[in-house]
Each structure stands twice: as C-alpha cells, then as structure tokens.
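> give me coordinates for this.
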Amino acid sequence: MAEILLVNPLFLHQDPVEAKLMTPYFPLGLLYVAAVARQAGYDVAIFDATFAAGDADFVAALEREQPRVVGLGVLATVRSSALRLAALAKAYGAVVVMGGADPTARPDVYLRHQVDGHYVVDVVVVGESEAIIPRLMPLLLEGITQGPQLESIESLAYRNAADQVITTPRCALVQDLDALPLPARDLVDWEPYRRAWRAKHGIFAMSIIATRGCPFNCAWCQKIVFGRSFRPRNPALVAEEMRHLKETYRPDFLRIVDDAMGIQKDWVKTWRDAVLARDAVIPFECLSRVDLLNTDVVRWLKEAGCRRIALGTESGSQRVLDAMNKGTQVSQIYRAAELCRNAGIETYFYMMVGYPPETWADLQLSAKMLRETRPDNLSTTIAYPLPGTVFYEQVKDRLPKVETLTPDWDYTAENRLLFQGGQYNTAFYRRVIRWFRHEWEDAWLQAGKPASLTERLRTKAALWRDRVLVHALARIQDGKRKAEG
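Residues are numbered from 1 along each chain as shown. Next up is the predicted model:
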C-alpha cells in the first residue's frame, strides 16, 4: 500500500504518433516528486500508463495500493487520459492533485472540470513542486483541500468554501538543485521500456536532466514550470548520476532533456572532464540552439559522448524568426549544421509552420534551408498558442472560448491550428509538412544517398506532387483573402 500514488497518464497504444516512434521516456519530473516525497517519509508508488492496456489497469492499481492521495503530471497532449484517470481516482475516494505545464498554465479550468456533476481535481500545484510536497502532503493526507492551512502554502490553486478558485503566490524556484534527491527510478519497471526500445531500435535509452530553465524569450515557448532562468546542477554530480545509470541500468543511449545545452560553455567543458574522469560516457542526444554552438562546445559534447543534437531551427525565414523573438539568425542554422557534420554529430531540426505573419515566400525559404543544410532528421509542427506564452496573448482574441477541457488534440503532434485569421488553413499546413519532408529526402538523394531507382522515382514523384499542391493551395487561399477584402 502507498500513501501517495503518482501517475504518468500517457497510454502509448492510444497515441499513434508515439506508438510509431516507440521512443518512450518516463517523465523525470514525476520521479523527482516521488524522490522528494519518499525522502520526507511518505510511502510512494507509481502507476505508469505507458504500457498499460487501459483504465482498468489503473483501477487495479488503486485497489492494490489504496492511496489516499493521487498525483498526476500533465502535459496538454495527455490531458484527456489524465482527466479520465483523475475521475476514477476521485470516485475511489482519493484526494486528486494535478501538476505539470498544462495545469500550471490554467489551473482554474482543471479545478472547474466536472464528471457527472462532480469535480475531479482538488488541488493544482503551480510550477515546480519539490519545495511544496513536504508541506502539502500532511494536509492532503488529512483530506484538507481548502481553508487557511492551504492559503499559507505557496504555488497552489484550489477551490475555497465559496467555490471560488484561489491561487496562492508562486514560491521561488529551487536554486540548489544539487540538494534534491536523484529521481526515484527504482519505482519504475524498466523492463517493458527495454523490450520496446530494443524491439524497435536495437538499443535501450533513458533520460537525465542536467540543468533547468531557459533564459531565452521565444514567443511561443511555454516556460511556465522552470521559468526563464538557468539553473545548472554541479557537473560532477551529473557525471556521477550518469555513472550510476551506466552501472545500474546499462542504457545504450541517453537523452539529456535540458531546454538548451551550451548556455554556459564553461559548464559544458567541466562536465566533459567529469564524465571522462569517471568513465561515465554513454552515447547521448541533447537539445540546443544554433547560436550556442561553436567549435569548442561541439568538440566537448562529442568527447562526452554526444551522437545527436536536436536544434530548434523553426524557420528558414529571418522575418519569421524575428516575429517569434527567436534571437537567432538563419546564417547560424547553416553554421551549426556544418559544425555538427564536421564533428560527426547528427542533427535533428525542429521546424514550425503557420506562425504569423508567415507567407508563401517564407515557407519557400524554409524548404530551401532544409535542402541546403540537410539535417539527419527533422519534424515539423503547426504553430500552437499555449496558454502562458507571448504568442497566446497575441492571438487569444482569435481563439475559441475554452470553458471545458475538451482536448485540443487527441494525441501527440496532432495539434490543430486553433486561431483564425492566419495566412492559410490547417489542411494547407499539413500538406506543407509533407512537402518539407520530401524536399529534405530529395536533397539527400541529390547529395548521393544510396537508394534504389524505385525509391528515387517515388520520392521525386511525391516531391513534385507536393510542390504543385502547396503552391496551388497557397494561390487559392491568397486569392480568397483578397476577394474578401
């Protein structure tokens, strides 16, 4: 039995995109919460929906663990399943707590959500939760979900006796990350992850976080939990954790989930030295920005084990990058791609389409950039205004009224263009996503990538089809806009 049951609400089989990718990582944030709660003396268990068959498995976990508190970590992409599980936990009689980026962005909407006329969420933890858990848990275990005792705890949202949503002031971010216990990975059954990874990719991958926060100001980016700060861990302790993972779990690969590797260049060098000194090298991938990479940083990352860097390139149009307040130059995208290629590090580009005031000419520049830089892989998403961002504030008058938590999407990467008045519609941008990929595939074939004649003809045919379709759709929608005045 457990006093608190922490829940990862992602059902992999319900998400066709994630199921196809088959790169499951357990959310580290939930493991940090588990570690802090356990350090404070509470009995903690985890329900991981990743490989679960359905909601019945969660009900079985409730009956087995008999928790008095159920806590769920929620992103917008798992909102639907999180709310289903919350309703089941509430019906079981547990106090239900939500945390994570989406509840932090709009706690009142979560607290107002009802199923069969009953609220399903009692309390929302706003932002980082490690400093809150030791003070909050004694109250929740007594069933206290409102009143002056909660008012004294920072970074909470809850309903008071008058059914009003109360939000307490935000607490300071955790500055001494080294004082936190390591994530409670021992509470997770890693064998299903190992089997899934190896069946699909021939390797087993895990994740680690070395720093929190990002000080940059991209208008679309939701920094609502870690904030626009930069808080690094001691690089020697990160290396120690890597050695622990290497010896205990034997992963073949790591994903460093920091928002941007390389913000402090001296940190990267010191960390490289610590990793080498401890024989803690594990091949890894990380995220960075094109303006953070130089010859030294790329070399240090390579020596520490880096095999792939994911870069938020977003667009090949400087006009669009400036509208996003990205703070990068298109020329830096070209330079970063060259640096990584020369060092033998793969690149993964994150592209975005539909960000106002993007035009057809801007999209053509993005396609040109993809052809000329030839990243090793890429993904493209449609711009989506997340609550709590500058982008959201810019377009919120064009958003539909959100009074319930009806999902904006049913699974990862299915996000829809929810604001109106942009250059083009969602169907157009979905075709653009296909066009970008075919431009990229054709560029690699032109560069000499081995392929059969059939593959070459198929790629070329798909490329020309998409070129014709996106151009035609753009002209039609441009003409329609002009006709409407």
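> Phe47 belongs to a helix, doesn't it?
No. Under the criterion used here (DSSP: H, G, I helix; E, B strand; the rest coil), Phe47 is strand, not part of a helix.
> please tell me how far it sits from Leu85.
Applying CB to CB, to the nearest Å, the value for Phe47 to Leu85 is 8 Å. For glycine as for every other residue, the C-beta is placed from the backbone atoms N, C-alpha and C.
> joint contacts of the two?
Jointly contacting Phe47 and Leu85 under the rule CB atoms under 8 Å, 6 or more residues apart in numbering are 7, 58.
> neighbour-wise, which of these two wins?
A count of neighbours by other CB atoms under 10 Å puts Leu85 above the other of Phe47 and Leu85, at 27 against 23.
> residues contacting the more buried one?
Counting by CB under 8 Å, 6+ apart, Leu85 makes contact with 7, 9, 49, 55, 58, 70, 72.
> hey, where'd the strands end up in the stretch 101-250 of the chain?
For the stretch 101-250 of the chain, applying DSSP state E, counting those that start in this stretch gives strands covering 114-115, 118-119, 123-125, 156-159, 165-167, 205-208, 211-212, 231-232.
> ok, now the stretch 351-485 of the chain?
Ranges of strands within the stretch 351-485 of the chain are 377-382, based on DSSP E, counting those that start in this stretch.
> domain parsing for this protein?
Per automatic domain parsing, the structural domains of the chain span 4-167, 203-483.
> name the nearest residue to Met242, ignoring sequence neighbours.
Closest residue to Met242 apart from its sequence neighbours, by CB to CB, 6 or more residues apart in numbering: Ala280 at 4.1 Å.
> correct me, but the one you found touches Arg243?
Yes. The pair Ala280 / Arg243 is scored as a contact, 3.9 Å apart, by CB atoms under 8 Å.
> okay, these two: which has more neighbours?
Ala280 (21 against 17).
> look up how far Ser379 lies from the spatially most central residue of the chain.
By CA atoms, centre = their mean, the mean C-alpha position of the chain lies nearest to Leu75, the distance being 7.9 Å. As judged by CB to CB, Leu75 and Ser379 stand 17 Å apart.
> which residues in the stretch 351-485 of the chain form helices?
360-373, 390-395, 426-446, 453-483 (DSSP state H, counting those that start in this stretch).
> got CSV for those, with mean pLDDT too?
Shown next, in CSV, are the helices of the stretch 351-485 of the chain (pLDDT from 0 to 100):
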stretch, mean pLDDT
helix 360-373, 97
helix 390-395, 87
helix 426-446, 94
helix 453-483, 91
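> closest one to Ala383 among those helices?
Set against Ala383 and scored by CB to CB, the helices of the stretch 351-485 of the chain come closest in helix 390-395, at 7.3 Å.
> quick one on the thing from earlier: the residue nearest to Met242 - that's part of a helix, no?
No. Membership of Ala280 in a helix is not supported by three-state DSSP, which gives coil.
> show the contacting residues for Lys302.
Here Lys302 is in contact with 343-345 (criterion: CB under 8 Å, 6+ apart).
> same question for Glu372.
Per CB under 8 Å, 6+ apart, neighbours of Glu372: 334, 443.
> from Tyr249, how far off is the nearest residue to Asp296 once chain neighbours are set aside?
Of all residues not flanking Asp296 in the chain, Lys265 sits nearest, at 6.9 Å (CB to CB, 6+ apart). Computed as CB to CB, the Lys265 to Tyr249 distance reads 30 Å.
> now the domains of the chain in CSV, with distance to Arg195?
Listed next are those as CSV, based on distance: least, CB to CB, whole Å:
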stretch, distance to Arg195
domain 4-167, 9
domain 203-483, 9
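> before we move on, back to that, looking at the strands of the stretch 101-250 of the chain, which is buried most?
Mean neighbour count (mean count of other CB atoms under 10 Å) peaks for strand 123-125 among the strands of the stretch 101-250 of the chain, with a mean of 27.
> partners of that one in the sheet?
strand 95-99 (parallel), strand 156-159 (antiparallel) (DSSP bridges).
> show me what contacts the residue nearest to Asp296?
Going by CB under 8 Å, 6+ apart, Lys265 touches 294, 296-297.
> can you select the buried ones among the contacts of Lys302 for me in ChimeraX?
Selecting the buried subset of the contacts of Lys302 in ChimeraX, with 16 or more other CB atoms under 10 Å as the burial test, is done by:
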select :343,345
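> let me have the contacts of Lys302 in TSV, extended by secondary structure.
Listed next are those as TSV, based on three-state DSSP:
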residue	secondary structure
Ala343	helix
Gly344	coil
Ile345	coil
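> for the contacts of Lys302, which one is nearest Thr104?
Ile345 (33.6 Å).
> and the closest one, backbone torsions?
Main-chain torsions, Ile345, degrees, to the nearest 10: phi -110, psi 130.
> returning to what we had before: lowest average pLDDT across the domains of the chain?
Among those, domain 203-483 has the lowest mean pLDDT, at a mean of 91.
> ends of that one, how far apart?
55 Å (CA to CA, to the nearest Å).
> kindly report the same for stretch 379-391.
So stretch 379-391: terminal residues 21 Å apart, CA to CA.
> hang on, the earlier thing: just the ones of the contacts of Lys265 in helices?
Counting by DSSP state H, the contacts of Lys265 place 296-297 in helices.
> out of the contacts of Lys265, who's the most crowded?
Neighbour tally across these (other CB under 10 Å): the maximum, 21 neighbours, falls on Val297.
> about what we covered before: so which of the strands of the stretch 101-250 of the chain is nearest Arg398?
Here strand 165-167 is closest among those (CB to CB), at 25.4 Å.
> ok, residues contacting the closest one?
Contacts for strand 165-167 (CB under 8 Å, 6+ apart): 107-108, 111-112, 126, 146, 150-151, 156-160.
> how about 7 Å then?
107-108, 111, 126, 157-160 (CB atoms under 7 Å, 6 or more residues apart in numbering).
> burial measure for the nearest residue in space to Val70 that is not next to it in sequence, as a count.
The spatially closest residue to Val70, leaving aside those adjacent along the chain, is Ala89, at 3.9 Å (CB to CB, 6+ apart). By the criterion of other CB under 10 Å, Ala89 has 28 neighbours.
> contact partners for Ala89?
Ala89 neighbours (CB under 7 Å, 6+ apart): 62, 70, 96.
> do that again at 10 Å, thanks
Going by CB atoms under 10 Å, 6 or more residues apart in numbering, Ala89 touches 5, 7, 47, 58-59, 61-62, 67, 69-72, 95-97, 120-122.
> what's across from the residue nearest to Ala2 when sequence neighbours are not counted in the sheet?
Spatial nearest neighbour of Ala2, excluding adjacent residues (CB to CB, 6+ apart): Ala45 at 3.6 Å. Counting by DSSP bridges, Ala45 forms beta bridges with Leu5.
> wait, doesn't Ala45 sit right on Asp186?
No. With contact defined as CB atoms under 10 Å, Ala45 does not reach Asp186; the gap is 11.7 Å.
> the more surrounded of these two?
Between Ala45 and Asp186, counting by other CB under 10 Å, Ala45 is the more crowded of the two (18 against 13).
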